[in-house]
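> attaching a predicted model along with its sequence, questions to come.
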Amino acid sequence: MIGNMEILKPLNLPPFEAKIKEGKGNKLSIFDPLRNKYVALTPEEWVRQHFIHFLIEHKGYPQALLADEIAITLNGTSKRCDTVLYDIHMTPKMIVEYKAPNIPITQKVFDQITRYNMVLHVEYLIVSNGMNHYCCKIDLKENRYTFLQDIPAYENL
């Protein structure tokens, strides 16, 4: 049995064939196609890789327009957005924030992603812990947001 199988529990996302390898001390790594490298397999990373697969394979998002761990500066502090979708002009369009499956999606999580959006000014915010997924469409002109019933397909953005 490979390392800690507890991390690999089923999520409320389509399954996929993850590339997982075992390293020193039974530490597991998972391949991230956006960063093109193996990264430490944590519960949050398990959610990220499932969600990326879901966006690309099931919602038609172009892999080339998605990027992980995007550095931003917020109030003089360095932060990282988990995943950012860009449009064809490389303007940020969506921020996705991931939490481990055991972390509830609370107002605090939305406050975090909203602060990131003060820098990037995207139209869509998504938060997922692998079990629950929330997506809002932001109207930047009216300073309002609307929760969507589903994660939109790329062609509908």
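Cool, got the structure.
> who touches residue 30 in this structure?
Residue 30 sits next to 18-20, 38-39, 41, 45-46, 49 when contact means CB atoms under 8 Å, 6 or more residues apart in numbering. For the C-beta atoms, the positions are set from N, CA and C on the backbone; glycine is no exception.
> switch the cut-off to 7 Å
18-20, 38-39, 41, 45, 49 (CB atoms under 7 Å, 6 or more residues apart in numbering).
> in strands only, show me the residues you listed.
Among the contacts of residue 30, the members found in strands (DSSP state E) are 20, 38-39.
> tell me where the protein has helices.
For the chain, the helices defined by DSSP state H occupy 43-53, 59, 107-120.
> nearest to residue 27 among the contacts of residue 30?
Nearest to residue 27 among those: residue 41, at 7.9 Å, using CB to CB.
> so what's the nearest residue to that closest one once chain neighbours are set aside scoring on pLDDT?
Leaving aside its chain neighbours, residue 41 sits nearest to residue 28 (4.0 Å; criterion: CB to CB, 6 or more residues apart in numbering). What the model reports as pLDDT for residue 28 is 92.
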